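[1] Any chance you could fold what I've pasted below:
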Amino acid sequence: MEKLDNIVMYSPEDVRKLLHLGNAKCLELFNSKDFPSIKIGRAFWVKADCLERFLSEKHVLGQENEFEF
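    Numbering: from 1, shown residues only. Next up, the predicted model:
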């Protein structure tokens, strides 16, 4: 986790730990169209508030707009 003037950014490693994901699933998540990640140089990042919003908007599998990770 990095802080830049009150902006908290998570790396893929941080997201793996927070969501208990393996490397492959985490990379799949960061490369998905609707995931709010940004690429800076060779590194992927996601803002903490964007990750929280993304997770709160997702539905349980089997429902409309389902997402599996």
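[2] Centre-most residue in the protein?
    Leu51 (5.3 Å; C-alpha atoms, centre = their mean).
[3] Apart from its neighbours in sequence, what residue is nearest that one?
    With C-beta to C-beta, 6 or more residues apart in numbering as the criterion, Leu51 has its nearest non-adjacent residue at 6.1 Å, and that residue is Tyr10. For every residue, glycine as well, the C-beta is placed using N, CA and C.
[4] Quick check, that neighbour in contact with Met1.
    Yes - with contact defined as C-beta atoms under 8 Å, Tyr10 reaches Met1; the gap is 5.8 Å.
[5] What lies in contact with whichever strand or helix holds Leu27?
    Take DSSP states H and E as the rule and Leu27 turns out to sit in helix 23-31. The contact list for helix 23-31, computed with C-beta atoms under 8 Å, 6 or more residues apart in numbering, reads Pro12, Val15, Arg16, Leu19, Leu21, Phe35, Ser37, Phe44, Val46, Phe69.
[6] Quickly note the distance from the fourth one to Glu13.
    As defined by C-beta to C-beta, to the nearest Å, Leu19 lies at a distance of 11 Å from Glu13.
[7] before we move on, back to that, need the buried ones from the contacts of helix 23-31 selected in PyMOL.
    Selecting only the buried entries of the contacts of helix 23-31 in PyMOL, with 16 or more other C-beta atoms under 10 Å as the criterion:
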select buried, resi 12+15+16+21+35+37+44+46
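[8] rewinding a little: beta-bridge partners for the residue nearest to Leu51, please?
    Note on Tyr10: beta-bridge partners Val46, judged by DSSP bridges.
[9] got the contact list for it?
    Met1, Leu18, Trp45, Val46, Lys47, Ala48, Leu51.
[10] The same query, at a cut-off of 7 Å, please.
    Met1, Trp45, Val46, Ala48, Leu51 (C-beta atoms under 7 Å, 6 or more residues apart in numbering).
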